[in-house]
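> got a predicted structure plus its sequence, pasted below:
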Amino acid sequence: MASKNKIVKAFHTALPYTIPIFAGFVFLGIAYGIYMNTSGFSAVYPIVMSATIFAGSMEFVAVNLLLGAFDPIRAFALTLMVNARHLFYGISMLDKYKGTGRKKHYLIFGMCDESFSINCTADIPADVDKGWFMFFVTLLNHSYWVCGAAIGGLLGSLVQFNTKGLEFVMTALFVVIFLEQWMKEKRHYSALLGLGISSLCLIFFGGESFIIPAMLIILVCLMAMKKPLEKAEACV
C-alpha cells in the first residue's frame with residue numbers, strides 16, 4: 001500500500017508540470033497527424049511513429065524521407081544532425097537518472113526537450129519519489145504527443161484547408177521554449193552565447209550542417225565558463 005501511495009503521489013505531483021506541455025503537444029501532434037495524412041499516409045503511420053520514434057522535429061522531417069528515394073545513410077546523418085542535442089541532454093542527466101531502476105530505460109527512450117526541461121529544473125518535494133516523478137513526466141508528455149498524432153491522423157481526411165507550411169509549428173515550439181527559458185533566467189549569458197555561436201556556425205557551415213559543430217562549441221564554452229556563469233547567477 002505504501003508503495004502504491006508513493007506512485008500515486010508522484011503522479012499527482014508530476015501532472016501539473018505537464019499541463020502546459022499537454023496544450024502544445026496535442027496541437028502539434030494533431031498538426032503532425034494532418035500533415036502525414038495530407039502527404040498520403042494512413043493514420044497508422046503517425047500513430048506508430050509518434051509512439052516509437054517520439055522525436056517531433058524528426059518525425060516531421062521523416063515525412064520527406066519516406067516520400068523520397070531509399071537512402072539510409074542520408075537518413076542517419078540527417079537524424080543525427082536534427083537530434084544531436086539529445087547527446088548533451090543525456091550526458092547532463094546521468095546523475096539524475098541514478099537509482100531509478102528499470103524506469104531508467106524508459107526515461108532514456110522518452111526524453112524529449114520538454115521532459116528534459118521539467119526533470120532537470122523541477123523542484124521535486126522531498127517526500128516525492130524522484131524516479132517515479134520523472135517517469136510520469138516522461139510518460140504523460142509521450143502520451144500527449146501520441147494522442148495528438150492519432151487525432152490528426154484519423155481526422156486528417158476531413159481537413160479541407162491548405163496545409164502548406166504546417167511543419168513550421170515545430171519551429172514555433174522551439175521559439176516558445178527558448179523564450180520561456182529566457183524569462184526564467186536572471187542573466188542571459190548562456191542564451192546569448194548559444195545564439196552567437198549558432199549564428200556564427202550558420203554562416204560558416206551553412207544551414208544543412210551547422211547544428212553539430214554549434215552544439216560542440218556551445219558545450220565546450222559552457223563547460224569552460226561553468227564556474228563564472230554560476231557565480232554571476234548567484235550574485236543576482
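Looks like it arrived, so ask away.

> roughly how far is the helix or strand hosting Leu216 from the heart of the chain?
Leu216 belongs to helix 211-224 when assigned by DSSP states H and E. Mean-position distance between helix 211-224 and its chain equals 19 Å (C-alpha atoms, centre = their mean, to the nearest Å).

> give me the residues contacting it.
With contact meaning C-beta atoms under 8 Å, 6 or more residues apart in numbering, helix 211-224 is reached by 80-82, 84-85, 87-88, 190, 193-194, 197-198, 201-202, 205, 229. Backbone N, C-alpha and C define where each C-beta goes, glycine included.

> buried subset of the residues you listed as a ChimeraX selection?
Command for ChimeraX that selects the buried part of these, burial taken from 16 or more other C-beta atoms under 10 Å:
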select :81,82,85,190,193,194,197,198,201,229
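
> now, which of the contacts of helix 211-224 lie within helices?
In helices, judged by DSSP state H, the following of the contacts of helix 211-224 are found: 80-82, 85, 87-88, 190, 193-194, 197-198, 201-202, 205, 229.

> quick one, domains of this protein?
The chain resolves into domains spanning 2-167, 185-236 when parsed by automatic domain parsing.

> between those, which gets the lowest average pLDDT?
Among the domains of the chain, domain 185-236 has the lowest mean pLDDT, at a mean of 77.

> list the helices and strands the longest helix along the chain packs on?
Longest among the helix segments of the chain by residue count, using DSSP H, is helix 2-38. The helices and strands touching helix 2-38, judged by 3 or more C-beta pairs under 8 Å, 6 or more residues apart in numbering; DSSP states H and E, are helix 44-52, helix 56-67, helix 113-121, helix 130-155, helix 169-184.

> hey, which of those helices is tucked in deepest?
Stretch with highest mean neighbour count among those: helix 130-155 (a mean of 22; mean count of other C-beta atoms under 10 Å).

> just want the angle from that one to helix 2-38.
Here helix 130-155 points in a direction 30 degrees away from that of helix 2-38 (axes from the mean of the first three to the mean of the last three C-alpha atoms, to 10 degrees).

> related to what we said a few turns ago, what angle do the longest helix of the chain and helix 44-52 make?
Using the same axes, to 10 degrees: helix 2-38 against helix 44-52 is 150 degrees.

> tell me the gap between helix 2-38 and the middle of its chain.
Counting by C-alpha atoms, centre = their mean, helix 2-38 comes out at 13 Å from the chain centroid.

> cool, stretch 79-96 as well?
How far stretch 79-96 lies from its chain's middle: 10 Å, per C-alpha atoms, centre = their mean.

> then it to CSV, C-alphas only?
Taking C-alpha atoms only, stretch 79-96 is exported to CSV below (Å, rounded to 0.1, in the frame of the first residue of the first chain):
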residue,chain,number,x,y,z
THR,A,79,18.6,12.2,-37.9
LEU,A,80,22.0,12.7,-36.1
MET,A,81,22.1,16.4,-37.0
VAL,A,82,18.4,17.1,-36.1
ASN,A,83,18.6,15.2,-32.7
ALA,A,84,22.3,15.8,-31.8
ARG,A,85,21.2,17.9,-28.9
HIS,A,86,19.9,14.8,-27.1
LEU,A,87,23.5,13.6,-26.8
PHE,A,88,24.2,16.5,-24.5
TYR,A,89,20.8,16.1,-22.7
GLY,A,90,21.7,12.5,-22.0
ILE,A,91,25.2,13.4,-20.5
SER,A,92,23.7,16.1,-18.3
MET,A,93,21.0,13.6,-16.9
LEU,A,94,23.4,10.8,-15.9
ASP,A,95,23.3,11.7,-12.3
LYS,A,96,19.6,12.5,-12.3
